[in-house]
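Student: Take this sequence and fold it.
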Amino acid sequence: MDYQFRDLENKWQKFWAENQTFKVENNSPKPKYYVLDMFPYPSGAGLHVGHPLGYIASDIFSRYKRLKGFNVLHPMGYDSFGLPAEQYAIQTGQHPAITTETNINRYREQLDNIGFSFDWSREVRTSDPSYYKWSQWIFMQLFNSWYNVVSDKAEPIEELVRKFEESGSANIKAVADDDISVFSAEEWKQKTDEDKQRELLKYRLTYLRESTVNWCPALGTVLANDEVKDGVSERGGYPVEQKKMMQWSMRITAYADRLLKGLDTIDWPEPLKEMQRNWIGKSIGALIKFQVESSNLKVKGEIAHNLQPTTHNTIEVFTTRVDTIFGVSFLVIAPEHELVKVLTTDEQQDDINNYISLTKKKSELDRMADTKTVSGAFTGSYAINPLNGAKIPVWIADYVLAGYGTGAVMAVPSGDQRDYLFAQHFNLPIIQILDSQNIEKEADPTKEGKYVNSDFINGLSYAEAVPSVIQKLEELEAGKAKVNFRIRDAIFGRQRYWGEPVPVYFKDNLPHLIDESDLPLVLPEVDKYLPTESGEPPLGRAEGWHYSKVSPSGESFVGSYELSTMPGWAGSSWYWFRYMDAQNDSAFADKKAIEYWKDVDLYIGGSEHATGHLLYSRFWNKALKDLGYVIEEEPFKKLINQGMIQGRSNFMYRLIDEEGKGTNTFVSYGLKDQYKTTALHVDVNIVENDILNLDKFKESREEYANAEFILESGKYICGHEVEKMSKSKFNVVNPDDIIERYGADTLRLYEMFLGPLEQSKPWNTNGIEGVFKFLRKFWKLFHDDQFNFIVSNDEPSKAEYKALHKIIRKVEEDIERFSFNTSVSSFMICVNELTDLKSNKRIILQDLVKVLNPYAPHITEELWALLGNEPGTLTYADFPKFNPDYLVENEFAYPVSINGKTKMNLNISLALDNKEVEKLVLENSDVQRYLDGKAVKKMIYVKGKIVNIVV
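Tutor: Predicted structure coming up:
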């Protein structure tokens, strides 16, 4: 039988499913290995050929590790909460759960068709209440925790309460809000329960606070920074503005230093680690207090009430260049800074209001990225330099962010280019502070030279000046040394329906956790998936959705639930633990399962998650470790970022008439320069080797039914270009189509063959035929020309052993270093060599089946069974052991020539002398046939090179 890939692939996929071949247990004498893919959001479009790239690589590695004797956990699930399903619900009224279920079924069908060795018994879906029950539970643990700087870890909030009861707030070193109160133990005890809860909220790892957020009115929700591009939402392209809202946040800043140090302990791509380092942004410097000139202050009514007693006359600035304080010529505060209302004079009010309105239209990322535009507005107020009493104007500008540092910067135009441009634009002083500075054309941030125009540090070097300035600031109580981080606490809320409900109710305007016994808090039904008429999130539409409880004193009350839902990253911040014990109803994972699997050994996914999912996951992992629930500090030991498979677009060239209008005539690529044309994308699925299928093109749209063509040699040749794979470019290739035509094994091998895993590469269907032919040639090794199974039990030759052991070594080395593409070409070479050797030896072919199995599991399972092995046992067979002795060059394939014309190759031992070689050659039956009875005059033998017979 010829290679019937459709039948045998269906056969083995069914076998694996029925026999749960890849189901793994949480205990084994084998060493464990945990391989994980970043789970997908199940979109309605399904998979295109670019999506499975990482999955195929991880599956090859998982299958290989099983063959190497490891107990491999290789699960799959779905990150199934998301905006697309909710947007579809808004448009159609269909519940997001229905859309999500349909999409998941489509994904599952496509994943099964590719032959992945996932343990589907552990499948998770973040939108399933049995899963998000534990997302809610983890939220509760974080709410009930604080970060103790002394122990450098999170601890139960009860421990903080105990410290307050014993000694008040004295000696408490915690990562907390800036406005924490100072009180004694007695004063704490005198506080009401409400006041105690308000104070504790300033310490909790998850808390409510007014924050500046990316608000998208069209989507009706807050977006994360990585969901905003160029001032609009990444999904839908809707305008996004900056807005202050009461929001749930998570105190990831408490872990900033540990997140930074942890990067040195994990095997991740250096560019990605650098992205996280920059995002965390540790800087060592000083905090400086600039007093505001009191005559400028406009403190009255509600504004004064909302400010702390001492904050309305002080602007705090963090700087890493405290040595430049004498070069400060203005201060800049963020447009959202709470002091803007206080500092703005009546004369400047209109300018300030207009500027704030413009700023709201930009995302924080856009504001940070735009280094060329100079803009700002003067508040009308001045501050005083604490070291020399200089009067400094206070401005607002969008390049300063309220959430980073103190939301204010001291501007030193001579040392910072952005400040330099700002000062030039608004005609502000530029003060030279180092004798080596050259500031005629641009800022000079040098630290070389001696200070000038700098009061008591004149003549000092940088190393001498810094401690002197800090000492002086501390003496004046005007500043102190400080370590700062760029990272900010993570917004943890969405004003949407399709997300995890937050397990919180409100009493007296304070948040309280629901009882654990009431988990999961399930999403209620709503009539529409839009905000309410009064602007509340969609959950405000749920009828009777409130929390009823009886207090210990017997008093019953009803509290309103939190109406926001958790953000998209909540469910993905711990999901690898759920795979360890996916069916557990009493814990997010059993402690023994966590102790066995520990962490993820290999994680494969995209680098676009560097400052989102990958950072939040590390944060949650560390918090869970602090609280004693998990044992490892880092979740993912090794991370590989797979590259993108780009689309290979095809183009047609529409003829333009004399009036500049498009016609229904299309010019072939090689002739287009002879005409006036315009390029149009054409569906790559009706193009083969850049040749357009004219009939299918005419059938594709009604407007093309009568299209005419200017052809080359009777063919329409399309142009091509490498672009991102997308529907709009008509270059999306569905893996189902490839599998239907060539089979899943061909798809798997070809995706690896395209190039190194980490690199982006274009999809080009033109090359897939060669991979398919390779599999047919591999199949032929086991069959004769009539496709009868002809495997022999004879002893293989040295050449056969050599071909086998070359591929064993090559594949083992390649897989261990994730160089899958080079293995595929080596497989082709090996099969060619064995074909030339007419090899059909069981010893050779059985081991070759094992080696190829991770890449092409269907064909190898079939051949494994044909070789007489029990079906299904290939998955847990032993990977062949490489024997270097077979690669020792103790013979050479000599080209044998007669009168200078090569006739054949003959393997001859390198250990033989000239006479022995002459005897061996002349007695060879093939040589005798070529001599045809002619007398041999002489034989020329060059060891390791040639044999030439002269007749």
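
Student: what about this structure, any weak spots by pLDDT?
Tutor: Along the chain, the parts satisfying pLDDT under 70 run over 226, 295-312.

Student: in it, which residue is closest to the centre?
Tutor: The structure's the chain has its C-alpha centroid closest to residue 609; by CA atoms, centre = their mean the separation is 2.9 Å.

Student: Contacts only, for it.
Tutor: residue 38 (CB atoms under 8 Å, 6 or more residues apart in numbering). C-beta: built from backbone N, CA, C; applies to glycine.

Student: Torsion angles phi and psi at it?
Tutor: The phi/psi pair for residue 609 (degrees, to the nearest 10) reads phi -100, psi 10.

Student: what separates it from residue 276, distance-wise?
Tutor: 11 Å (CB to CB, to the nearest Å).

Student: how distant is the helix or strand residue 260 falls within from the center of its chain?
Tutor: Using DSSP states H and E, residue 260 maps to helix 256-262. Here the centre of helix 256-262 is set off from its chain's centre by 19 Å, with CA atoms, centre = their mean, to the nearest Å.

Student: what does stretch 155-173 give?
Tutor: In terms of CA atoms, centre = their mean, the centre of stretch 155-173 is set 39 Å apart from its chain centre.

Student: Next: stretch 8-25.
Tutor: 30 Å.

Student: now stretch 41-60
Tutor: How far stretch 41-60 lies from its chain's middle: 14 Å, per CA atoms, centre = their mean.

Student: Am I right that residue 134 is in a helix?
Tutor: Yes - the assignment for residue 134 by DSSP: H, G, I helix; E, B strand; the rest coil puts it in a helix.

Student: so what's it up against?
Tutor: 574, 578, 588.

Student: Looking at these, which is nearest residue 787?
Tutor: Using CB to CB, residue 578 comes nearest to residue 787 of the contacts of residue 134, at 47.2 Å.

Student: circling back: could you dump the contacts of residue 134 into a markdown table and include secondary structure?
Tutor: Formatted as a markdown table, the contacts of residue 134 follow (three-state DSSP):
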| residue | secondary structure |
| --- | --- |
| 574 | coil |
| 578 | helix |
| 588 | coil |
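
Student: For ChimeraX, write the selection for the buried entries among the residues you listed.
Tutor: Buried residues among the contacts of residue 134 (16 or more other CB atoms under 10 Å), as a ChimeraX selection:
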select :574,578,588
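
Student: Would you reformat the contacts of residue 134 as TSV and include distance to residue 862?
Tutor: Below are the contacts of residue 134 laid out as TSV (distance: CB to CB, whole Å):
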residue	distance to residue 862
574	40
578	35
588	41
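
Student: so where does residue 215 fall, helix or strand?
Tutor: If you go by DSSP H and E, residue 215 is part of strand 206-216.

Student: quick one: strands adjacent to that strand?
Tutor: Strands that pair with strand 206-216, judged by DSSP bridges, come out as strand 221-223 (antiparallel), strand 241-250 (antiparallel).

Student: most tightly surrounded among those?
Tutor: Greatest average neighbour count among the strands paired with strand 206-216 goes to strand 221-223 (a mean of 24), per mean count of other CB atoms under 10 Å.

Student: I'd like to know how far residue 744 sits from residue 856.
Tutor: Residue 744 is 9 Å from residue 856, by CB to CB.

Student: which residues in the stretch 251-400 of the chain form helices?
Tutor: Assigned by DSSP state H, counting those that start in this stretch, the helices in the stretch 251-400 of the chain fall at 256-262, 270-280, 301-306, 340-343, 349-359, 364-369.

Student: Most tightly packed of the ones you listed?
Tutor: helix 340-343 (a mean of 22).

Student: packing partners for that helix?
Tutor: The contact analysis (3 or more CB pairs under 8 Å, 6 or more residues apart in numbering; DSSP states H and E) places helix 340-343 against helix 301-306, strand 377-384.

Student: pull the CA atoms of it into CSV?
Tutor: Taking C-alpha atoms only, helix 340-343 is exported to CSV below (Å, rounded to 0.1, in the frame of the first residue of the first chain):
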residue,chain,number,x,y,z
VAL,A,340,-2.2,71.3,39.2
LYS,A,341,-5.4,72.7,40.5
VAL,A,342,-3.6,74.3,43.4
LEU,A,343,-0.8,75.8,41.5
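
Student: Centre of the chain to that helix, how far?
Tutor: For helix 340-343, the distance to the chain centre is 41 Å (CA atoms, centre = their mean).

Student: go on, stretch 834-845?
Tutor: Relative to where its chain is centred, stretch 834-845 has its mean C-alpha point 44 Å off (CA atoms, centre = their mean).

Student: Name the residues of the strand or helix carrying residue 927 that are buried.
Tutor: Under the criterion of DSSP H and E, residue 927 resides in helix 925-931. Neighbour counts over helix 925-931 (16+ other CB under 10 Å) mark 927, 930-931 as buried.

Student: what's downstream of it, the next helix or strand?
Tutor: Following helix 925-931 in sequence order, the next helix or strand is strand 938-942 (DSSP H and E).

Student: Paired strands for the next helix or strand after that next one, with orientation please.
Tutor: Next helix or strand after strand 938-942 toward the C-terminus (DSSP H and E): strand 946-950. Counting by DSSP bridges, the strands paired with strand 946-950 are strand 891-898 (parallel), strand 938-942 (antiparallel).

Student: Go through strand 946-950 and flag the buried ones.
Tutor: Buried residues in strand 946-950 (16+ other CB under 10 Å): 947-949.

Student: which residues touch it?
Tutor: Contacts of strand 946-950 (CB under 8 Å, 6+ apart): 894-900, 906, 908, 917, 921-922, 927, 931, 936-941.

Student: redo that, cut-off 6 Å
Tutor: Strand 946-950 is contacted from outside by 894-898, 921, 936-941, using CB atoms under 6 Å, 6 or more residues apart in numbering.

Student: Mind putting those into JSON lines with neighbour count?
Tutor: JSON lines is the format used below for these (neighbours: other CB atoms under 10 Å):
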{"residue": "894", "neighbour count": "21"}
{"residue": "895", "neighbour count": "14"}
{"residue": "896", "neighbour count": "21"}
{"residue": "897", "neighbour count": "17"}
{"residue": "898", "neighbour count": "19"}
{"residue": "921", "neighbour count": "19"}
{"residue": "936", "neighbour count": "14"}
{"residue": "937", "neighbour count": "9"}
{"residue": "938", "neighbour count": "9"}
{"residue": "939", "neighbour count": "16"}
{"residue": "940", "neighbour count": "11"}
{"residue": "941", "neighbour count": "18"}
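
Student: before we move on, the earlier item: what about the residue nearest to the centre of the chain, distance to residue 219?
Tutor: 21 Å.

Student: What of residue 885?
Tutor: Counting by CB to CB, the gap from residue 885 to residue 219 is 66 Å.

Student: Which one's more surrounded, the two?
Tutor: residue 219 (21 against 11; other CB atoms under 10 Å).

Student: how would you label that one: helix, strand or coil?
Tutor: Assignment for residue 219 (three-state DSSP): coil.

Student: can you pull the contacts of it?
Tutor: Taking CB under 6 Å, 6+ apart, one finds 233, 238 in contact with residue 219.

Student: what does the helix holding residue 927 contact?
Tutor: For helix 925-931, using CB under 6 Å, 6+ apart, the contacting residues are 898, 903-904, 921.

Student: ditto for stretch 164-176
Tutor: Outside of stretch 164-176, the residues within contact range by CB under 6 Å, 6+ apart are 146-147, 149-150, 182-185, 188, 202-203, 254.

Student: Setting aside sequence neighbours, what's the nearest residue to residue 131?
Tutor: Spatially, and ignoring its direct neighbours in sequence, residue 131 is nearest to residue 124 (5.4 Å; CB to CB, 6 or more residues apart in numbering).

Student: are any of the contacts of stretch 164-176 buried, and which?
Tutor: 146-147, 183, 188, 202-203, 254.

Student: Please name every helix or strand in contact with the helix holding residue 260.
Tutor: The contact analysis (3 or more CB pairs under 6 Å, 6 or more residues apart in numbering; DSSP states H and E) places helix 256-262 against helix 270-280.

Student: Thanks a lot, see you next time.
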